[in-house]
Every structure is written in C-alpha cells, then in structure tokens.
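Engineer: Build me a structure from this.
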Amino acid sequence: EKTAKLRKLIGRIKSNVASSGSRVSDSNLRISLDDIRNIETKGRWWKVGASWVGNQYQHRADDGDESENDDGDKENETKNSTLETTNEDEELLQLASKYRMNTDIRRSIFCIIMGSADCDDAFEKLVRGGMLKNRTERDTVRVLVECCGNEKTHNPFYSHLASRICEFQPHCKFTFQLAYWDLFKQFDTTKMRKAANLAKLLYHLVAVDHSLKMNLLKVIDITDEISETAGIFLTIFFSCIFDAMDDPAQVADLFHRGIPKGPGSVPMGSKKAMEMDNAEEQGADGDGLRESLSVFFLQTLKASPKNKKNSKFRANYKAAVKACETDGV
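Structural biologist: As a prediction, this is how the structure comes out:
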C-alpha cells in the first residue's frame, strides 16, 4: 500500500512536469529520490511543520580537516586560559596565606580585591558577594587596609575603593577608624612602608572624601618622645594635605570640623550643648590634640624642605598652625 502511494505521487509529478513543457516551475517542490529514501533519517523537508535534519551535514566531508584544526585551536586556547586562571588563583591564595588571611571570608575578600581589574570591578564584586553587609564589611575594611599597607608604594586604587565602600555602607567609616586606632597602637612594630601607604590612604579619607575626621589622631602619643614610625606617618599625612589644598581656608576648616572645640566655645544651656554627649570630655580631648599637633608642626614640619616662602605648602602650614591655637577657642 505504501509503495502504491509513492508510485501515484511520482506519477503526478511526472505529469505536471510534462504539462509544463519539461520546465520545472519555481513553485514546484524539488524532491529528489534521495530525499524520499532518507525520510527516516532526515525527515520530510517539504512538509510544513515537519522536522528536518540536513544542513548540519553539509560540507562536513570537505571541511573536516579544517574544523578539526579549529576545534583543536579552540580547545588549546580554553585549556591555556583555564590553566592561567588556576595559576592566578593559586598565587592569590598563597599571597593570602602570607598576609595571614586566616578565614575563608577574608581569603575571598582578598582574592576579590587583589584580582579585580579596577576599583569599579572590585566594588561590584564585593557587593554581589555580600561582603559589605551583615558585619562582613568589617573584614572587608581590615583586608583593604592590610592590602594597602603591604604595597611597595601607595596605590590610589585602595583610596577610591575605600571611598566607594564608605559611601555605600556608612558603618564602614567607624570600622576604618578602629583599624587606624589598632595601627597607631602598633607603631613600634610597623614597617615604614606600611605607615607611609596608610598615611596617604588616611589623607584621602579625611581631606578628599571627608569620610573620617582628624580627631582620630588623638590616640597617637604626640610628645617629644614620639616614635619614628608615628613621626613618619604624621609627616606624610599632613604633607599631603598641605601640598594638595589650594585654599588655606580649606585646611583650617579640616581642623575646625575634625577636632572638637573646648567646652568654653559652646554656651552653657544652649541647644547645641544639650545635644552634645560628653561635650566637655570631647572638647578637652580636642584641645589636647590641637596643642600636640601645634608642637609637632613647629618641631617637624616647619623644617620641611617643602616649606618655602610664598609656596602653597607654607600658606597651608600657617593656616594649620593658627587653627591649632587653643587660646580663646
């Protein structure tokens, strides 16, 4: 029965061809004998909605060698790329161990920061990885500070990333402050390079980004017996400020806003005085810090080679010294 149907179909095709003067019309389907024989494997391409398997076999025999070569090249490229990525991950993990990243979270944060292409890439990965919430941001800040301190020279990448983190998660500002307080307590064992790098990071957070205030320096023992590392830290920190600020009024504003004034400057019973918690204690700390910084400026920065006549450094230096005066404040 199947054979009879096929014969009828072929007969109709022949009659149509004969009636058109042996010329095949564009509207006629060009079904070959091979198409009919291979229905079970290729399907009926001439039937609307039917599945068909055919073109993917085209030119396979002719282009077999070329395809194999292309596949081989792609496979080699994939293997090389995977190998390079694996080597980079291993190097980062070894470096993480060297820097005492002793938890999985800190190792992950370290690999994100050190393995990112730029600041935006690092910030996006930290956010997506949930590294800036649920108290994990504390580890993020600690790792960033450690990475910044261990660079051979200061990398502005860390300053910009720290600013993005503080803007996204304000709680990180206090975490940065705690990290610096821990650093100040360890000045005796801190390397000069680390102190210099973190001084430049603090300059950015205080003077450029305004995420932190200068009052955090109160933890440093600024006396005649100040440690060498602390002296280097403060010298670099304030030198960056005096070199960068274009207007001495900006320098004075950093001190006025960043270091609390003494209690005498706030009228007793005023709304501001009632809103201030421990105002007297904070003011006393502020006055003590101003006096200490004033002495440091006169003993150290006054002799700086950058403190030249008519220079921007000198103008800003004078503004800082005046801002630290406590008489009548």
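Engineer: Quick check: closest non-adjacent residue to the residue nearest the centre of the chain.
Structural biologist: With distances taken as C-alpha atoms, centre = their mean, the residue of the chain nearest its centroid is A122 (2.8 Å). Distances taken as C-beta to C-beta, 6 or more residues apart in numbering put S116 closest to A122, at 3.6 Å, once the chain neighbours are dropped. For glycine as for every other residue, the C-beta is placed from the backbone atoms N, C-alpha and C.
Engineer: go on, G286?
Structural biologist: The shortest distance from G286 to any residue that is not its chain neighbour, by C-beta to C-beta, 6+ apart, is 3.8 Å, and that residue is P260.
Engineer: so what's the backbone phi/psi at the one you found?
Structural biologist: According to degrees, to the nearest 10, the main-chain angles of P260 amount to phi -60, psi 140.
Engineer: How many residues are close by it?
Structural biologist: 24 (other C-beta atoms under 10 Å).
Engineer: can you check D104 too?
Structural biologist: D104, neighbours per other C-beta under 10 Å, totals 8.
Engineer: now K5
Structural biologist: Quick note: K5 (other C-beta under 10 Å) scores 9 neighbours.
Engineer: where does the protein dip in pLDDT?
Structural biologist: 1-2, 16-31, 41-89, 262-285, 326-329 (pLDDT under 70).
Engineer: The nearest residue to T300 once chain neighbours are set aside: which element?
Structural biologist: Nearest residue to T300, sequence neighbours excluded (C-beta to C-beta, 6+ apart): T235, at 6.1 Å. In the assignment (DSSP states H and E), T235 maps to helix 228-244.
Engineer: Give me the buried stretch members for that helix, please.
Structural biologist: Counting neighbours by 16 or more other C-beta atoms under 10 Å, one finds that the buried residues in helix 228-244 are 229-242, 244.
Engineer: Return the distance of it from the chain's centre.
Structural biologist: In terms of C-alpha atoms, centre = their mean, to the nearest Å, the centre of helix 228-244 is found 26 Å from the chain centre.
Engineer: Can you list the buried residues in the helix or strand that comes right after it?
Structural biologist: Using DSSP H and E, the helix or strand that directly follows helix 228-244 along the chain is helix 248-258. Neighbour-count burial for helix 248-258, with 16+ other C-beta under 10 Å as criterion, is recorded at 248, 251-252, 254-255, 258.
Engineer: for the buried residues of helix 228-244, which one is nearest A207?
Structural biologist: Distance ranking of the buried residues of helix 228-244 against A207, using C-beta to C-beta, places I241 first at 5.1 Å.
Engineer: State the distance from the residue nearest to that closest one when sequence neighbours are not counted to L234.
Structural biologist: Closest residue to I241 in three dimensions, ignoring its sequence neighbours and counting by C-beta to C-beta, 6+ apart: A207, at 5.1 Å. Distance of A207 to L234, given as C-beta to C-beta, to the nearest Å: 14 Å.
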